[in-house]
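Enquirer: how would this look folded up:
(chains A, B and C)
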Amino acid sequence: MNKRIYYGLYGLIVILLVLPFVVPNNFYLDLAVRMAINAIIVIGLNLLIGFAGQISLGHAGFLGIGAYASAVLPMHFGWHPVTAMLTGALASALLAALVAKPIFKLKGHYLAMATLGLGIIINIALRNEAQWTGGPDGMPVLPMALFGFEIGSDRQWYWVVAALLVLTVWGSLNLIDSPFGRALRALHGSEVASQVVGVNVARYKVSIFVLSAFSASIMGSISAHYIGFISPNFADFFHSIELVTMVVIGGMASVYGSIVGAVLLTALPQALATFEGWETVAFGAILMLCMIFMPRGLVPTLAARFSKGDDK
Amino acid sequence: MLAEFLQFLFSGITVGATYALAALGFTLIYNASHVINFAQGEFIMLGGMLAVLFAQMGLPLPAVLLLAVLVPAVVGVLVEKLAIEPVKGAETVTLIIITIGASLVIRGLIQVWLGKNTFSLPAFSGDEPIHVLGATLLPQSLWVLGITALVVVALWYFFNRTLQGKAMLATSVNRLAAELVGINTSWVLFMSFAMSAALGALGGILITPITMTSYDVGIMLGLKGFVAAVVGGLGNGLGAVVGGLLVGILEAMGAGYISSAYKDAIPFVLILLILFFMPRGLFGGKSTDRV
Amino acid sequence: MSLLEVKDLSIHFGGVKAVQNVSFSIDSGIVYSVIGPNGAGKTTLFNLITGVYTPTSGEIRLDGEIIQGKSPDELARRGMARTFQNLQICMNMSAIENVMVGAHLRLDRNLFKAMLRLPALKRRDEALREEAAGLMEFVGLGEYVGARADAMSYGALKRLEIARALAMKPRLIFLDEPAAGLNPKETQEVDHLVRKVADSGITVVLVEHDMKMVMNLSDRILVLDYGRKLAEGTGQEVRGNPDVIAAYLGTHA
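Expert: Below you'll find the predicted structure:
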């Protein structure tokens, strides 16, 4: 790991600064906002999956908690959007900690099972508690206001989300190359080796799971405010899978890979819309082909091809 | 009171048998390859949908059954040959994504081919309910339970009494050792995908006259089968059967006595409780890592 | 008082009694070797003492305090380090990061400080990087300071494990067959390395099949056979023990 890893961040900042001035219309700006939101979620998820080697198949559940906290609390109880967002994020973090503590003592597919179950339970609850959530039809979300300013236009949201993305990338790069991050990667590389040098494995797994749940919840809230409407599909199993797919296609244990994965898979449905009716087949086939021919994901595969030295 | 309880029990066992077959499918593939096959649910869907299609073509019931089991088995083998075997030894997440990709392709193709409608299949031997202590039992339920029981016995015989079955078991315990004694482990992988797809499809065919089917029923059925497999201790055949029945019964009881809206959540609440309090499932053995 | 005391230690896996009623004690500052035929229970003994396995019965004391059943990370906190017979290297990290992770407990591991890249943390990490490079030099891996772990040879990785263990600044280090699979020249280098480690004041517990190395390095030797203690003493005593000759050395020498 060296300073070179931060060059990508500078590149990202340049792209994000230029982008709003070169996109032809709002359609693309909207796409960019959604890509950035997904990128932030996926980076958090990649810290868990790619760096710590633990899988979550229920992350959309945390998005759902954040999104519905931001929808329900201001709407039904008159809470300030920021308070609602933080409350949702804390609730997600708490739930993640509660579930993860016993699960992380287990090995193998159990975390996949537990997170999958949690996600589905959250989704079913959102569908059923119609008096609060509007049920399967969803509900509108009040706009976000900060210090008296209302964040409304796509362009305003773009700057908010772009700033968050830059912070997330910076924080994640820092984290990976730190004592905490090394412990995290070490327990993925060899759990027993990390234990005998003093890493409390369960605690690190829980911490990173909670962090990624917290970040997903915040981004769920932001998505809700940005779109202005929320439905339970946002928190369903398929969305969880989409997020994991973004991690894996972009590249496990690669922060920049997460951005690439998020950008590609956010754009893909638009591109596939031309296939009318065949979207699901095409989406599935692309997933399989990517994994079969590039099991390490795009960015690590390409990085390995273009450089021999360290490709972190 | 008793009648109501029996009614829930009957419907629970019937659905539970389908979960049990799906869970057996998960178990077979997991044992052969340590892959969690998220396409398992699609085989259930495929069985039901193809049975409907073949029945509408006017084929006799035995032919419908046979074809609707065989075709998914071939699909299962294709998934294994084209998508799983090329990435042997890949990370768990990668394999999970591949099987999810496969499930999307299967589901998508059926949606394009047969549409988004809900279909039903005539019951094998009429709809005249049988009355038991005030509760009613559909003849189709007996078919489901009878055939499931037969399959379980046949599988038991296969794994305990035939060389091929023992070869598959040996591979699940220690792949390298199995290869060293001359077992063709790639044949084992092939067989386990064929068998688990066939099991899933069979469950799908049997349950369709009761629950109906459509292109998207596979997701939930598959996930519940996965829950059942984990409840029974992943990798344990008997556990999978008991897990399937247990999940089915608790789901029916929960739907009947607690809340039908939360019916689909019950298996997942169950699995979380089990993971918290009985981390190895009901029948999972203890394992110690060697370092 | 001995640094490490083991009393009546046993572990059973199902019906297999891998270690049975083994007792011994290790004084501070010595090189203590555990030998015995394959399957004698040497690695199992290491796994028991370092907390990877929990014993079925018996007692392990470090500085007089009972430690059996404690987790490996708790034992690491008390100054225990180890290497593995089957390499446990993190292939997803660079060589030097593998060493740096050994210093885990000596660092500020705060999540938020890490994300903010606080200067104090950064400076400490840079110092650690130099320290780790020094350790790699010490174990003879100077040329690999910039290498990736997955690009290193087996022999180099064996030594990388020792460097990682040393980065913990342990009081007590368990080396599980550090010379296994190495050629004679490499074996001799490891021999010197273990001597250097012992000379730096770290108590060394060694499992090794290379008898020349064991006899050359050890202050005391424990002989295990079928999970039981067969003999214990200085190299001289053990070599002269008729049981040992019959059960172990006799088949080799």
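Enquirer: C-alpha only now, for contacts and for neighbours.
Expert: OK.
Enquirer: helix/strand/coil for the closest residue to chain B within the stretch 51-200 of chain C?
Expert: With Cα to the nearest Cα as the measure, residue C:86 is the residue of the stretch 51-200 of chain C nearest to chain B, at 6.5 Å. Put simply, residue C:86 is coil when judged by DSSP: H, G, I helix; E, B strand; the rest coil.
Enquirer: Next one, pLDDT for it please.
Expert: We have a pLDDT of 90 for residue C:86.
Enquirer: burial of it, as a residue count?
Expert: Burial of residue C:86 is recorded as 13 neighbouring residues (other Cα atoms under 10 Å in any protein chain shown).
Enquirer: And it, how far from residue B:61?
Expert: Distance, residue C:86 to residue B:61, using Cα to Cα, to the nearest Å: 57 Å.
Enquirer: ditto for residue C:152
Expert: According to Cα to Cα, residue C:152 stands 63 Å off from residue B:61.
Enquirer: what residues does the stretch 151-253 of chain C put near chain A?
Expert: For the stretch 151-253 of chain C, the contact set with chain A under Cα under 8 Å from any Cα of the partner chain comprises C:165, C:168.
Enquirer: Show me the helices in the stretch 151-253 of chain C, by range?
Expert: Using DSSP state H, counting those that start in this stretch, the helices of the stretch 151-253 of chain C run over C:154-167, C:184-199, C:211-217, C:235-240, C:242-244, C:250-252.
Enquirer: how many degrees apart are the first one and helix C:184-199 in direction?
Expert: Computed with axes from the mean of the first three to the mean of the last three Cα atoms, to 10 degrees, the direction of helix C:154-167 lies at 0 degrees from that of helix C:184-199.
Enquirer: Does anything pack onto helix C:154-167? Which helices or strands?
Expert: The contact analysis (3 or more Cα pairs under 8 Å, 6 or more residues apart in numbering or on different chains; DSSP states H and E) places helix C:154-167 against strand C:80-82, helix C:95-100, helix C:119-138.
Enquirer: swap the cut-off to 7 Å and go again
Expert: Under the contact definition 3 or more Cα pairs under 7 Å, 6 or more residues apart in numbering or on different chains; DSSP states H and E, helix C:154-167 sits against helix C:95-100, helix C:119-138.
Enquirer: now these as a markdown table including distance to residue A:179?
Expert: Converted to a markdown table, the helices and strands packed on helix C:154-167 look like this (distance: least, Cα to Cα, whole Å):
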| stretch | distance to residue A:179 |
| --- | --- |
| helix C:95-100 | 8 |
| helix C:119-138 | 8 |
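Enquirer: for those, which one ends up most surrounded?
Expert: Most buried of the helices and strands packed on helix C:154-167, by mean neighbour count (mean count of other Cα atoms under 10 Å in any protein chain shown): helix C:95-100, with a mean of 28.
Enquirer: Based on its surroundings, how many neighbours for residue B:180?
Expert: For residue B:180, the neighbour count with other Cα under 10 Å is 9.
Enquirer: again but with residue B:61, I slipped
Expert: For residue B:61, the number of neighbouring residues by other Cα under 10 Å comes to 13.
Enquirer: What of residue B:23?
Expert: Neighbours of residue B:23 under the rule other Cα under 10 Å: 37.
Enquirer: next one: the host helix or strand of it to chain centre, how far?
Expert: Taking DSSP states H and E as the criterion, residue B:23 maps to helix B:2-33. Offset of helix B:2-33 from its chain centre (Cα atoms, centre = their mean, to the nearest Å): 8 Å.
Enquirer: and it, does that touch chain A?
Expert: No - using Cα under 7 Å from any Cα of the partner chain, helix B:2-33 stays clear of chain A, coming no nearer than 10.6 Å.
Enquirer: Buried residues, that helix. List them.
Expert: Using 16 or more other Cα atoms under 10 Å in any protein chain shown as the test for burial, helix B:2-33 gives B:4, B:6-33.
Enquirer: just checking, what packs against that helix?
Expert: Packed against helix B:2-33 by the contact rule (3+ Cα pairs under 7 Å, 6+ apart) you find strand B:135-137, helix B:139-161, helix B:163-173, helix B:185-211, helix B:218-231, helix B:237-253.
Enquirer: Note down every partner strand of the first one and its orientation.
Expert: Put plainly, it is strand B:135-137. Taking DSSP bridges as the criterion, strand B:135-137 forms sheet pairs with strand B:130-132 (antiparallel).
Enquirer: Tell me how far the partner strand lies from the chain's centre.
Expert: A distance of 28 Å separates the centroid of the chain from that of strand B:130-132, by Cα atoms, centre = their mean.
Enquirer: Stretch A:210-220 now?
Expert: 7 Å.
Enquirer: where in the stretch 151-291 of chain B is pLDDT low?
Expert: B:279-291 (pLDDT under 70).
Enquirer: With the stretch 201-312 of chain A instead?
Expert: Scanning the stretch 201-312 of chain A with the threshold set as pLDDT under 70 gives A:307-312.
Enquirer: looking at it, residue C:132 is touching residue C:98, isn't it?
Expert: No - assessed by Cα atoms under 7 Å, residue C:132 is found out of contact with residue C:98, at 9.1 Å.
Enquirer: circling back: could I get the helices and strands packed on helix C:154-167 as a markdown table with distance to chain A?
Expert: As requested, these are exported to a markdown table (distance: least, Cα to the nearest Cα, whole Å):
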| stretch | distance to chain A |
| --- | --- |
| helix C:95-100 | 7 |
| helix C:119-138 | 7 |
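Enquirer: mind checking which helix or strand the one residue in the stretch 51-200 of chain A that gets nearest to chain B is in?
Expert: Per Cα to the nearest Cα, residue A:117 is where the stretch 51-200 of chain A lies closest to chain B, at 4.7 Å. Secondary structure from DSSP H and E places residue A:117 in helix A:110-128.
Enquirer: and residue B:183, helix, strand or coil?
Expert: Assigned with three-state DSSP, residue B:183 falls in the coil class.
Enquirer: Check which element follows the strand or helix carrying residue A:212 along the chain.
Expert: With secondary structure defined by DSSP H and E, residue A:212 is part of helix A:201-227. Remark: after helix A:201-227, the chain's next helix or strand is strand A:229-230, criterion DSSP H and E.
Enquirer: relative orientation of the following helix or strand past that following strand and helix B:218-231 in degrees?
Expert: As assigned by DSSP H and E, the chain's next helix or strand after strand A:229-230 is helix A:237-250. Interaxial angle of helix A:237-250 relative to helix B:218-231 (the same axes, to 10 degrees): 80 degrees.
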